[in-house]
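In: Have a look at this prediction, sequence included:
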Amino acid sequence: MKLLYPNFINVISIPLAAILLLNLSACDPYGDDEVRKYLVVESYLIAGESMPVVRLSRTAPIDQEYSFEKFAINEADVTIHLLEEDGEESQTSISYSLFGPGGSSANEFSPGVYLPTRQHTIQPGRKYRLQVEVPDFPDLQSATIIPDTFSIQSDDVPESIMYQSSQQLELIIRTPRETDRQNVYIFNTESLNPVEGELVPFYKSAFDDGQIELRDLTNNPSSLINEANFEKTADGDIKLRYPWIGVAFFGPNRISVNSVDRNISDFIRSQEVQLGGSTLSPGEIPNAVYNIEGGIGVFGSVATDTVSTRIEKP
Amino acid sequence: MAAVNGYISDSQTGETLISANIALLEINRGSSSNTSGYFSLTNIPPGTYTLAASFVGYQRFEMEIELEPGQSKRLDIELDPTGLLLEEIVVESDIEAEERRDIGISQIQTRQIKELPAVLEPDVFRSVQLLPGVKAASDFSSGLYVRGGSPDQTLILLDETTVYNPSHFFGFYSTFNPDAVKDVRLYKGGYPARYGGRLGSVLTVYNKDGNRNEFGGSVSLGLLASRVLAEGPHSYGSWMLAVRRSTLEPALAVLRRQTDNIPDNFYFLDINGKVNFDLSDNDRVSLAFYSGMDNVLIPIFEDAEVGLKYGNRTFSANWRHIFSDRLFGTLTATGSYYFNEPQFRIGGTPFERNNEIHDYSIKADFEYLPNENNILSAGIWSGLKTLDFQDKFDNQVTFDNLIESQYTSAYLQNRWTLHDQWILEAGIRGNYFSEGNYLRIDPRISLEHRPGERLRLQAAYGRYHQFLSLITNEAFAGFDLWLTTDEGVPPSYGDQFILGAKTIPLSNYALDVEVYYRTMRDLFELNPFMTDAAGLEYPELFRFGEGFAYGFELYLERQRGDITGFIGYTFGITKRKFPGFNTPVLDNTSRGRFYPPKYDRTHDLNLVLNYDLSTNWRINSVFSFATGQAYTEPTGRMQIANQPWSDGTRDTFVVERLNNTRLPSYHRLDFGVSRYGTFFGMGEAEWQFQMINAYSKRNIWFYQYDFDENPVERNDVTLLPVLPSISYTVNF
């Protein structure tokens, strides 16, 4: 054994030298990245409603304190065009300003929040294009097709329902026509009395554990849910059994059903995996999908309807 | 001409030995036993010869045999185990060292598996992870990342049966009970036409046949799990039964009194069994089964719980028949059932998933020796694979996909000894998968040149196809999901090129060097951005991409003596590309750029040393060093704050390139001490004291970002701390 030990050292010295050489010579060709700034837009067109605000900012370096106001963009030219079926711009263009219709630079304004300069009601099924020009940034543009409006048959919604009873809240959603793309929904339950004493057991337990705050639960939105999850009635309506997980508070609640466009659904489904929870490895963070040229953010559209009911304690 | 053939086995237990060496010294003719422990030497001129047989850990066997013209001599050889504790004096001729050191193959001794310091429980896969070319995703994962491939690119065969779920405890441990295992062999790449169905590699595990001579067994008590093995002879052969079960319940009961969210139910169990029947000198039949599962029920908060139940059951019936000294055949029927049924119930709303695979097959393999220079192998494997994937939300089925596919593969290969210095192995494999009507042909070839007594130069090429994809999360294997090819989802394929050199630099040492390059095309993975499968066509679930890997491996082993062990070093690069993934921020999202997956480690070094202090004490140690894994360092952020349906915000990272930087280097030292003795004179006993991560290096698993802080705060999520472990084993 005494003799073997030096032999062993001799034998391993050659490969160890090779390893050392490789370590010294092998540099990672995929080096660090420099920080770049990008234009960020946020705006949601709601079918049947007036034109929304357009919020403009730029990205913040990851190591800097963030506030929207600090990174707001105030020197942009913003226009939204209504497009014809063939994609050409129609006569309808809405220009935006920090000061709104008839406003002047003498007025107060919210940094980065652009207001439409004239009235226009958003038309379901139509396509709108956003164009933004800002000095020192590439021109930004994006388009959205407004989801069709729909209605929740409110006659079928009971005034009150007992929490976790076998009779779940059922919503009948009437859509005007079929489209090629299945609708994607986000449901939201807004409590009209969001106090601790009204929390349902699951959320109360999470609240007591310090995992969540009351203000986070006042609105309790779902994740994206495809239309195919729901039963279709003979009339072509969608019958939805509202899941109990959506209810955070007993008492009066307002339930909204939001049909979102591709831009919103692409953004949410990609943004939600940035902090894990998907099949990606921990620490593997992809960019979100924006469907925006020249910038990032969300330029999306929504059709929505709301009903109210009261959730009774069992 | 004459011939000699037979089985090579352990004299104490009767276990057949795989890849044992056999040689006729006078005429420089050698061979090695196959996976059934069978050997055959044909076309031998009549005469008197010295027949020698050897195998690591066994005393060399030598006897004189006389062969008459036309004689086919049946010679079953039994080798005496020496135990590695003894310094062996072994004089081997070169031809006797015929041991198949084929390109791309690595082996780990089962004794090594049980002795290496291990996190609470000895583990087959964690031992395999120490081999060059094999990487671990983390301390928490037993998944095998071989030569840049993901775990599903390794075909795992237990007694010739496909195992779909090779892990317990969400990937922490592999399902193979080290007590039951006889042989573990990893075909890292360039594997021969006999195997197929995976892009990268094959891991074959053979369970013990059971002791053919006497009843025996062992009991092991550990901190995480305990094991019982029993084996013995019966009138026509042998049997073996091994049971392993986690024993965490007492610890959980104590913890439950002190803290919330402790699982109500948390165990894993596996049972391995085998019965062998030696029907005649030429016929052996074995029936083997494996059943393993994990069952976990964790309350999260009030009115919320997570239930996980997953596992695998396999069955195989194998008939080995010696048709003649030139023809050996096996016929195997296999069945494999995989299931994974995660369930959540949160606030009165249930979520359920069911993923099942039923795989029933029959296969036949033949080895034919037309002359002394050729070994012709052929086989066919045909079966029916049913894959079911169903999602339920709130008691309603939201996605249901059932794929029933017949598959057939057939191969033909020939190992041709062209000359004393040249061996050519060429083969072809055809694969047919009925769902989608895919027929794929895989050529394989390897060449070995032996310019000197102690040097083998090797080269290999092969094409490989894969019809399955495992959807998993490297951090947590509890939600694993298998999906198959179908119409619109073509099989993945890739080419592998390997160059290697195998040397014996000094007596008792082996030094292997290999260089590889491989491609991966038509990779199909579940689209990570797909949050809801309802209403989608099957191909819409996937993203399709490509990848490549190349690297250099070095393996230096000392097999005998007081100090044994090995150094394994790997320099490896692997990259992936998927459309719409890792694109420049403002670029066309349909494009993509190559990026390193998290498990890519440029340098990976493992040093395993075993030292016999005395006949009663043995020290084992493992030191690992690896380049830090790739991760994404975001460069910017933005916030969405005006959603019309909610007053919440969405903080969003901006990333220039995916996995653009590296975690700090990983290193860890584990060591253990074994004390051998007796259990009140009733049997041999062993205490194991082990220390994992002995100097408590807090290696980083990944960084977690906290948007509640402003600026964003980055927190370390670390891997294993220092962990002591103790176990006691009694062999009877």
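Out: Nice, thanks for sending it over. Numbering: from 1, shown residues only, chains lettered A, B, ... in the order given.
In: Quick check, central residue of chain A?
Out: residue A:268 (4.1 Å; CA atoms, centre = their mean).
In: and that one, that one's in a strand?
Out: No: under the criterion used here (DSSP: H, G, I helix; E, B strand; the rest coil), residue A:268 is helix, not part of a strand.
In: so how far is residue A:53 from the residue lying closest to it once chain neighbours are set aside?
Out: The shortest distance from residue A:268 to any non-neighbouring residue, by CB to CB, 6 or more residues apart in numbering or on different chains, is to residue A:224 (5.7 Å). (C-beta placed from N, C-alpha, C; glycine too.) For residue A:224, the distance to residue A:53 (CB to CB, to the nearest Å) stands at 24 Å.
In: likewise residue B:442?
Out: For residue B:442, the distance to residue A:53 - CB to CB - is 60 Å.
In: all strands of the stretch 201-314 of chain A, in order?
Out: A:219-221, A:225-226, A:231-232, A:238-241, A:251-260, A:296-312 (DSSP state E, counting those that start in this stretch).
In: now the stretch 551-700 of chain B
Out: Using DSSP E, counting those that start in this stretch, strands in the stretch 551-700 of chain B cover B:563-577, B:603-612, B:617-626, B:630-631, B:636-640, B:650-654, B:661-662, B:666-678, B:684-692, B:700-706.
In: Nearest to residue B:309, out of those?
Out: strand B:700-706 (26.1 Å; CB to CB).
In: Quickly run through the sheet partners of the helix or strand following the closest one, with directions.
Out: Sequence order places strand B:713-718 as the next helix or strand after strand B:700-706, per DSSP states H and E. Strand B:713-718 has the following strand partners under DSSP bridges: strand B:700-706 (antiparallel).
In: Could the C-alpha coordinates of the strand it pairs with be exported in CSV?
Out: Output in CSV follows, covering the C-alpha atoms of strand B:700-706 (Å, rounded to 0.1, in the frame of the first residue of the first chain):
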residue,chain,number,x,y,z
ILE,B,700,-26.9,28.2,-4.3
TRP,B,701,-29.7,26.4,-6.0
PHE,B,702,-31.2,29.5,-7.5
TYR,B,703,-32.1,33.2,-6.8
GLN,B,704,-35.5,34.3,-5.9
TYR,B,705,-36.6,37.8,-6.5
ASP,B,706,-38.8,39.7,-4.1
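In: which parts of that strand are buried?
Out: Within strand B:700-706, the residues that qualify as buried are B:700-703, B:705, counting by 16 or more other CB atoms under 10 Å in any protein chain shown.
In: ok, so of the residues you listed, who is nearest residue B:206?
Out: After measuring the buried residues of strand B:700-706 against residue B:206 - CB to CB - the closest member comes out as residue B:701, at 33.8 Å.
In: quick one: pLDDT of that closest one?
Out: Reported pLDDT at residue B:701 in the predicted model: 92.
In: Then the one 5 residues further on?
Out: In this model, residue B:706 is scored at 91, pLDDT.
In: could you measure it against residue A:65, distance?
Out: 14 Å.
In: neighbours of the residue in the stretch 451-600 of chain B positioned nearest to chain A, just the number please.
Out: Proximity of the stretch 451-600 of chain B to chain A (CB to the nearest CB) peaks at residue B:535, 2.6 Å away. A count of neighbours around residue B:535, defined by other CB atoms under 10 Å in any protein chain shown, yields 17.
In: residues contacting it?
Out: Neighbouring residues of residue B:535 by CB atoms under 8 Å, 6 or more residues apart in numbering or on different chains: A:182, A:226-229.
In: what's the most distant pair in the residues you listed?
Out: A:182 and A:229 (9.8 Å).
In: Comparing the two, which residue is more hemmed in?
Out: residue A:229 (21 against 14).
In: Compare residue B:442 and residue A:53 (neighbour count), which wins?
Out: residue B:442 (21 against 18).
In: For beta bridges, what are the partners of the more buried one?
Out: residue B:429.
In: One more: residue B:305?
Out: Where residue B:305 sits in a bridge, its partners, by DSSP bridges, are residue B:299, residue B:345.
In: Give the helix, strand or coil label for the residue nearest the centre of chain B.
Out: When CA atoms, centre = their mean is applied to chain B, the residue found nearest the centroid is residue B:203 (4.2 Å). The local conformation at residue B:203, judged by three-state DSSP, is strand.
In: Pull the contacting residues for it.
Out: Contacts of residue B:203 by CB under 8 Å, 6+ apart are B:128, B:144, B:154-157, B:184-187.
In: okay, and the helix or strand of chain B with the least pLDDT?
Out: Lowest by mean pLDDT, DSSP states H and E among the helices and strands of chain B is helix B:249-258, with a mean of 76.
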